[in-house]
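Colleague: here you go, sequence then predicted model.
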Amino acid sequence: QVALVESGGGLVQPGGSLRLSCTASGVRFNLYTIGWFRQAPGKEREGLSCISSGDGSTYYTDSLKDRFTISRDNDKETVYLQMNNLKPEDTAVYYCATDPYYEFCNDLDPSIFTSWGQGTQVTVSS
């Protein structure tokens, strides 16, 4: 298990932006593929994007790749999710997740990821 911590959530107006961060302690974070997910009340957990260890390749769910960007700073041992042009339907708890054996990320099935953070709330409202 890897202890992941998300931060950066909050209340933002429609059309605004937020940048979420995911960090971990006690591990070589750059060796881990990291995924971002969200879960709105009454809905299933939804995969958003992931970034692979090694070559840092990225993968997005099609509906969000024009607004969301994933990146990682290995020096800061942090993975970011930049979210632009936020909409009320983006309101959810956002999670980062990983699995030590998942290297090349091309699937956002939540069952692949075995370590999860506690989540950070994002609320988009005027």
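Modeller: Perfect, thanks for sending it. Numbers count the residues shown, from 1 in each chain.

Colleague: dig out what the spatially most central residue of the chain forms beta bridges with.
Modeller: Central residue check for the chain by Cα atoms, centre = their mean: the C-alpha nearest the mean position is that of Trp36, 2.2 Å away. Residues in a beta bridge with Trp36, per DSSP bridges, are Ser49, Cys96.

Colleague: just Gly10 next, same as before
Modeller: Counting by DSSP bridges, Gly10 is bridged to Val122.

Colleague: not counting its neighbours along the chain, what's nearest Phe68?
Modeller: Met83 (5.3 Å; Cβ to Cβ, 6 or more residues apart in numbering). All C-beta atoms are positioned from the backbone trio N, CA, C, and that covers glycine.

Colleague: does the one you found touch Lys65 like I think?
Modeller: No - the criterion here is Cβ atoms under 8 Å, and Met83 misses it with Lys65 at 11.7 Å.

Colleague: who's more crowded, the two?
Modeller: Taking neighbours as other Cβ atoms under 10 Å, Met83 and Lys65 compare with Met83 leading, 26 against 14.

Colleague: and the gap between that one and Gly8?
Modeller: 9 Å (Cβ to Cβ, to the nearest Å).

Colleague: now do the shared contacts for the two.
Modeller: The contact sets of Met83 and Gly8 overlap at 18-20 (Cβ atoms under 8 Å, 6 or more residues apart in numbering).

Colleague: most surrounded residue in these?
Modeller: Counting by other Cβ under 10 Å, top hit in these: Leu20 with 24 neighbours.
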